[in-house]
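Visitor: The following comprises the amino acid sequence and a computationally predicted model.
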Amino acid sequence: SSGINAEYGHTINRLSFGEHVPTQVNPLDNHTFIANELNTMRQYFTQIVPMRYKKINEEVVLSNQYSVTHHHKHIDLNKAARGEQTGLPGMFVTYEISPLMVEVTEHRRSFTHFLTGVCAIVGGVFTVAGIIDSFLYNSYRAFQKKLELGKVS
């Protein structure tokens, strides 16, 4: 036995790569990990994507957004000393920068676009109401015919 055991946990209060923009979500903000066992290795694999954010006033902000996956495993120090297992206890962050860039542009929708959306909603409500009305009317008529024929018990 090596006599050394590492017990840890961590909290990532804020992790970002560049200036914050309104649509940006940083998945590791306020992230807490508490190891349930000694000698745990926690790995974070981050994919950083450059971003160009164009505000409504034409101001351009260059920033980055990222996605993350994580993995943790128990490190048996005896096996590691014999070369049967790799890794060290601790927290590790790996970065990979994407060759692609995301471009986000703010814009206001016109009043005609808003009006078209309202008309679509009203039209959809009337269509669904018509289908329900037709179903109820035809069901009622079929029931009335069965009553007239005496087939309803």
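Guide: Structure received.
Visitor: And the helix or strand of the chain with the lowest mean pLDDT, what's buried?
Guide: Lowest mean confidence among the helices and strands of the chain (mean pLDDT, DSSP states H and E): helix 77-81, at a mean of 76. Neighbour-count burial for helix 77-81 flags 77, 80 (criterion: 16 or more other CB atoms under 10 Å). No exception for glycine: its C-beta is placed from N, CA and C like everyone else's.
Visitor: So for the helix or strand just after that helix, what gets flagged as buried?
Guide: The C-terminal neighbour of helix 77-81 among helices and strands, as given by DSSP states H and E, is strand 90-97. Using 16+ other CB under 10 Å as the test for burial, strand 90-97 gives M91.
Visitor: And the contacts of the helix or strand following strand 90-97?
Guide: Next in sequence after strand 90-97, counting helices and strands by DSSP H and E, comes strand 102-105. Residues outside strand 102-105 that contact it (CB atoms under 8 Å, 6 or more residues apart in numbering) are 21, 23, 49-54, 65.
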